[in-house]
Structure formats: C-alpha cells, structure tokens
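[1] Okay, predicted coordinates and the sequence, questions at the end:
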Amino acid sequence: MASPIESFASLEVPIIVRLGEREMPVREVLKLVPGSIIELPKSADEELDLMVNNRRIGSGTAVKIGENFGIRISYVGPEIERARAAKGGAEDELGSVSGTDPSIEDLANQLLAG
C-alpha cells in the first residue's frame, strides 16, 4: 500500500500560467467579440505567474517549444506552500495541533482523509 505522501504526490492538479489580469465593467465584457483585444497592465518582458488552485506557487518566463508555448521557471516557492496550493484548502485548516506549520505528511494525511 502506498504511503500518504506517495498517494498525495501522485495526484494530478491543474497548472495555470497566468499572463496577467485586469478588471473590466460588465458592459465591456458583454461587448467582447472574437478579435477583441484586452490590454493587460503588464509589460511583455515581465514574468508570468505559475498557479495551482488559483494560488501563486512560482513564476517564470514564456518560452516557445516547437509549435507550443511553455514556461521556464525562475522562482518556485517552498515545498510546503506548493503542497498547500495542491491541497486547495484554506490555510486555517492546515495548522497542526501545536499551531505550527504542518508537514507535507500532515497535509497528505488531511487530503486523503477527506
């Protein structure tokens, strides 16, 4: 039988590379059509955000790999923060009994327990 850490580590989570974001009034969103361009408040040479469950875990630069795009990671946060993002739960739920940060094994057990 696989350990909780092995089971947790084998889960697949969606990875999102965020180019940028902005807020728009609903009236502008309703006017969007194919071919519309939305300007983002980010320069073309700024780093992209690497996200898991809508939480930033790192950043990097865009690269082209053949006909596809990718990200060359230049920063990735601590393993415990990446595990928290993969779990997707609220941080308040994750503290151990002593109130300190949980270990990866604690997170794995919590996730697998439901």
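    That came in fine, so what should we check first? Numbering: from 1, shown residues only.
[2] What is the longest strand along the chain packed up against?
    In the chain, taking DSSP state E as the definition, the longest strand is strand 55-65. Counting contacts by 3 or more C-beta pairs under 8 Å, 6 or more residues apart in numbering; DSSP states H and E, strand 55-65 is packed against strand 15-18, strand 48-52, strand 68-76, helix 79-87. Just so you know, the C-beta spots here come from the backbone N, C-alpha and C atoms, and that holds for glycine as well.
[3] If we use 7 Å, what do you get?
    Packing partners of strand 55-65 (3 or more C-beta pairs under 7 Å, 6 or more residues apart in numbering; DSSP states H and E): strand 48-52, strand 68-76, helix 79-87.
[4] Would you mind giving these as CSV with distance to A62, mean pLDDT and mean neighbour count added?
    CSV is the format used below for the helices and strands packed on strand 55-65 (distance: least, C-beta to C-beta, whole Å; pLDDT from 0 to 100; neighbours: other C-beta atoms under 10 Å):
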stretch, distance to A62, mean pLDDT, mean neighbour count
strand 48-52, 6, 94, 20
strand 68-76, 6, 95, 12
helix 79-87, 21, 83, 19
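[5] re earlier: relative to helix 79-87, how tilted is the longest strand of the chain?
    Strand 55-65 and helix 79-87 are oriented at 90 degrees to each other (axes from the mean of the first three to the mean of the last three C-alpha atoms, to 10 degrees).
[6] Using CSV, lay out the helices and strands packed on strand 55-65 together with distance to F8.
    Below are the helices and strands packed on strand 55-65 laid out as CSV (distance: least, C-beta to C-beta, whole Å):
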stretch, distance to F8
strand 48-52, 13
strand 68-76, 18
helix 79-87, 8
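[7] how close does G88 sit to I5?
    Using C-beta to C-beta, to the nearest Å, G88 is found at 17 Å from I5.
[8] ok, the two, which is more surrounded?
    More neighbours surround I5 than the other of G88 and I5, with 16 against 12 (other C-beta atoms under 10 Å).
[9] Perfect, that will be all.
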